[in-house]
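Peer 1: 3D model of this:
(one chain, ligands or ions: 3)
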Amino acid sequence: MMRTRPLKVALLGCGVVGSEVARIMTTHAADLAARIGAPIELAGVAVRRPSKVREGIPAELVTTDATALVKRGDIDVVVEVIGGIEPARSLITTAFEHGASVVSANKALLAQDGAALHAAAGEHGRDLYYEAAVAGAIPLIRPLRESLAGDKVNRVLGIVNGTTNFILDKMDTTGAGYQEALDEATALGYAEADPTADVEGFDAAAKAAILAGIAFHTRVRLDDVYREGMTEVTAADFASAKNMGCTIKLLAICERAADGASVTARVHPAMIPLTHPLASVRGAYNAVFVESDAAGQLMFYGPGAGGAPTASAVLGDLVAVCRNRLNGATGPGESAYAALTVSPMGDVVTRYHISLDVADKPGVLAQVATVFAEHGVSIDTVRQKGKDGEASLVVVTHRASDASLSGTVEALRKLDTVRGVASIMRVEGE
Ligand SMILES: NC(=O)C1=CN([C@@H]2O[C@H](COP(=O)(O)OP(=O)(O)OC[C@H]3O[C@@H](n4cnc5c(N)ncnc54)[C@H](O)[C@@H]3O)[C@@H](O)[C@H]2O)C=CC1
Ligand SMILES: N[C@@H](CC=O)C(=O)O
Ligand code: NA
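Peer 2: Numbers count the residues shown, from 1 in each chain. Ligands and ions are numbered 1, 2, ... in the order given. Okay, here's the model as predicted:
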């Protein structure tokens with residue numbers, strides 16, 4: 001039977017995502033009420049610029065005092081879509097203290113302070129849900145936290161940042177410049193308030209930390225994730241990738257070591273074969289493979305950024321949290337019992353594509369091959385192109401540890417015949 005007294009929702013932030021959350025809450029009100037078993041009411045909207053016209057939001061609900069809103073005491077659920085660390089962290093904590101559950105899309109905050117926020121939610125018997133924080137609309141947190149709770153996840157690999165996928169896709173398929181593509185992604189509402197978070201890989205690293213934490217039941221913080229952005233990927237890298245039948249994607253990869261005792265989490269650009277499903281993930285779409293003992297390989301695909309898709313995930317959480325409140329229950333909290341060691345990048349084992357500028361004279365190839373052998377890095381293929389006393393040498397390795405590869409590159413740089421290391425890229429998905 002439908003409860004008539006509404007559940008009260010406070011919305012913090014009314015930007016790209018928040019405005020869509022408010023719109024869907026209003027336009028789908030009857031369906032949401034039927035699914036929850038009680039109507040939900042938008043009880044207040046905290047904004048920074050109150051003078052801005054916000055279609056569909058009554059002016060009397062708008063406030064610039066987010067703290068007062070979360071302290072009201074009659075709010076059932078706070079939806080935090082402000083972003084950033086502060087004041088979002090304090091507002092969420094205050095919301096728990098005043099009896100509200102929280103739905104957030106804030107991956108930066110969750111990757112940094114997830115453990116403390118989960119503890120605060122638990123202490124006050126409230127929920128903290130954040131499906132929108134990873135891969136936008138794609139259901140990924142809940143499948144990992146709930147559907148796969150009986151299985152053992154060994155690997156999570158995929159594209160988790162829409163902005164950088166949009167930029168790399170444009171650079172690859174239309175030859176667009178980096179800045180032009182970034183401007184377009186920003187205009188479409190995909191980029192973070194400071195797009196450095198996207199292009200330097202911080203956003204994907206935050207998502208990798210969240211995914212690894214849930215997948216491996218281990219606390220993984222942003223600082224534990226190895227991170228390289230995509231700002232150094234050039235048209236020449238795309239040309240090299242094409243020569244190998246590959247393209248370049250910014251990947252997040254979280255893996256359990258073969259012995260099961262440790263995990264790694266990393267974000268970096270990588271070459272992947274054009275035949276791999278991730279190669280055909282276009283625009284701001286995301287796709288994530290989850291590999292587990294019993295289920296095998298699962299693929300999650302969909303819009304990873306943008307106002308409406310992200311709001312879809314927020315609304316899904318809102319419905320779940322409201323149902324929990326009506327049942328006097330809470331959903332699953334943090335699960336970090338496994339407490340596995342998070343190993344450094346040097347322990348990661350993968351393949352590499354290395355492009356060297358070398359002197360075009362006899363014996364150079366042998367010299368370079370010796371350095372690889374001395375560091376235990378086995379070469380798969382070598383291609384050499386010479387011109388006017390200079391040559392470019394492209395080496396693709398078999399699987400080797402990142403530490404061995406770093407040692408190899410360091411030694412190569414010391415060779416007189418190696419004029420420069422033009423690029424190093426990992427090769428994944430084979
Ligand atoms: N845009 C997207 O595609 C996605 C965004 N997210 C996350 O959702 C959150 C919001 O992102 P967007 O809506 O894109 O950002 P946005 O910048 O469009 O919106 C944030 C809004 O919060 C307001 N705000 C900032 N401080 C405030 C305060 N103290 N009180 C009240 N309002 C305040 C800003 O004025 C702005 O309107 C972020 O955590 C972001 O990482 C997550 C997934 C996808
Ligand atoms: N800036 C992010 C937004 C969604 O998380 C992205 O581009 O993926
Ligand atoms: Na999601």
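
Peer 1: contacts and neighbour counts: CA atoms only from here.
Peer 2: Will do.

Peer 1: longest helix of the chain?
Peer 2: The single longest helix within the chain, with elements called by DSSP state H, is helix 307-327.

Peer 1: right, and the helix or strand after that helix?
Peer 2: Remark: after helix 307-327, the chain's next helix or strand is strand 341-342, criterion DSSP states H and E.

Peer 1: ranges for the strands of the stretch 101-250 of the chain?
Peer 2: Ranges of strands in the stretch 101-250 of the chain, per DSSP state E, counting those that start in this stretch, are 101-104, 128-129, 153-159, 226-227, 246-256.

Peer 1: and the third one, anywhere near ligand 1?
Peer 2: No: in terms of Cα under 6 Å from any ligand atom, no part of strand 153-159 sits within range of ligand 1; the closest distance is 13.5 Å.

Peer 1: on that earlier part again, what's the most buried one of the strands of the stretch 101-250 of the chain?
Peer 2: strand 101-104 (a mean of 28; mean count of other Cα atoms under 10 Å).

Peer 1: Grab the nearest non-local neighbour of Gly420.
Peer 2: Ranked by Cα to Cα, 6 or more residues apart in numbering and with sequence neighbours excluded, the top spatial neighbour of Gly420 is Asp357, at 5.1 Å.

Peer 1: Correction: the previous question concerned Val368.
Peer 2: Using Cα to Cα, 6+ apart, the nearest residue to Val368 is Leu412, at 6.9 Å.

Peer 1: quick one: secondary structure of that neighbour?
Peer 2: Assigned state for Leu412: helix (three-state reduction, DSSP: H, G, I helix; E, B strand; the rest coil).

Peer 1: what does Ser423 give?
Peer 2: Going by three-state DSSP: Ser423 is strand.

Peer 1: residue farthest from the centroid of the protein?
Peer 2: Pro362 (46.4 Å; Cα atoms, centre = their mean).

Peer 1: Now do the contacts for that residue.
Peer 2: Not one residue lies near Pro362 by Cα atoms under 8 Å, 6 or more residues apart in numbering.

Peer 1: Could you confirm it falls within a strand?
Peer 2: No: with three-state DSSP as the criterion, Pro362 is coil rather than part of a strand.

Peer 1: Pull out the buried positions in the longest helix of the chain.
Peer 2: For helix 307-327, the buried set under the neighbour-count rule, 16 or more other Cα atoms under 10 Å, comprises 307-325.

Peer 1: And for stretch 405-421?
Peer 2: For stretch 405-421, using 16+ other Cα under 10 Å, the buried residues are Leu405, Gly407, Thr408, Val409, Ala411, Leu412, Thr417, Val418, Arg419, Gly420, Val421.

Peer 1: re earlier: avg pLDDT for the longest helix of the chain?
Peer 2: Averaged across helix 307-327, the pLDDT comes to 98.

Peer 1: List the contacts of the helix or strand of the chain with the lowest mean pLDDT.
Peer 2: Within the chain, no helix or strand scores below strand 379-387, which has a mean of 89 by mean pLDDT, DSSP states H and E. By Cα under 8 Å, 6+ apart, the residues outside strand 379-387 that reach it are Asp360, Ala369, Phe372, Ala391, Ser392, Leu393, Val394, Val395, Val396, Thr397, His398.

Peer 1: Would you map the helices across the stretch 1-150 of the chain?
Peer 2: 16-27, 29-36, 66-70, 88-97, 107-123, 141-142 (DSSP state H, counting those that start in this stretch).

Peer 1: Helix 307-327 and the second one, what's the angle between them?
Peer 2: Calculated by axes from the mean of the first three to the mean of the last three Cα atoms, to 10 degrees, helix 29-36 forms an angle of 40 degrees with helix 307-327.

Peer 1: Could I get the buried residue list for helix 29-36?
Peer 2: Buried, per 16+ other Cα under 10 Å, within helix 29-36: Leu32, Ala33, Ile36.

Peer 1: Mind giving me the packing neighbours of it?
Peer 2: Contact analysis of helix 29-36 by 3 or more Cα pairs under 8 Å, 6 or more residues apart in numbering; DSSP states H and E lists strand 40-46, helix 307-327 as its packing neighbours.

Peer 1: That one relative to strand 40-46, how many degrees between them?
Peer 2: 110 degrees.

Peer 1: just the CA coordinates of helix 29-36, formatted as CSV?
Peer 2: The C-alpha coordinates for helix 29-36 follow below in CSV (Å, rounded to 0.1, in the frame of the first residue of the first chain):
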residue,chain,number,x,y,z
ALA,A,29,7.0,11.5,-10.0
ALA,A,30,4.1,9.1,-10.2
ASP,A,31,6.2,6.1,-11.4
LEU,A,32,8.8,6.8,-8.8
ALA,A,33,6.2,6.9,-6.1
ALA,A,34,4.7,3.6,-7.3
ARG,A,35,8.1,1.9,-7.4
ILE,A,36,9.1,3.2,-3.9
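
Peer 1: residues from the stretch 301-430 of the chain in reach of ligand 3?
Peer 2: On the criterion Cα under 5 Å from the ion, ligand 3 has no neighbours in the stretch 301-430 of the chain.

Peer 1: interface residues of the stretch 301-430 of the chain facing ligand 1?
Peer 2: Ala305, Gly306, Gly307, Thr310.

Peer 1: make it 5 Å
Peer 2: Ala305, Gly306 (Cα under 5 Å from any ligand atom).

Peer 1: so which residue of the stretch 301-430 of the chain comes closest to ligand 2?
Peer 2: Nearest residue of the stretch 301-430 of the chain to ligand 2, counting by Cα to the nearest ligand atom: Ala305, 4.2 Å away.
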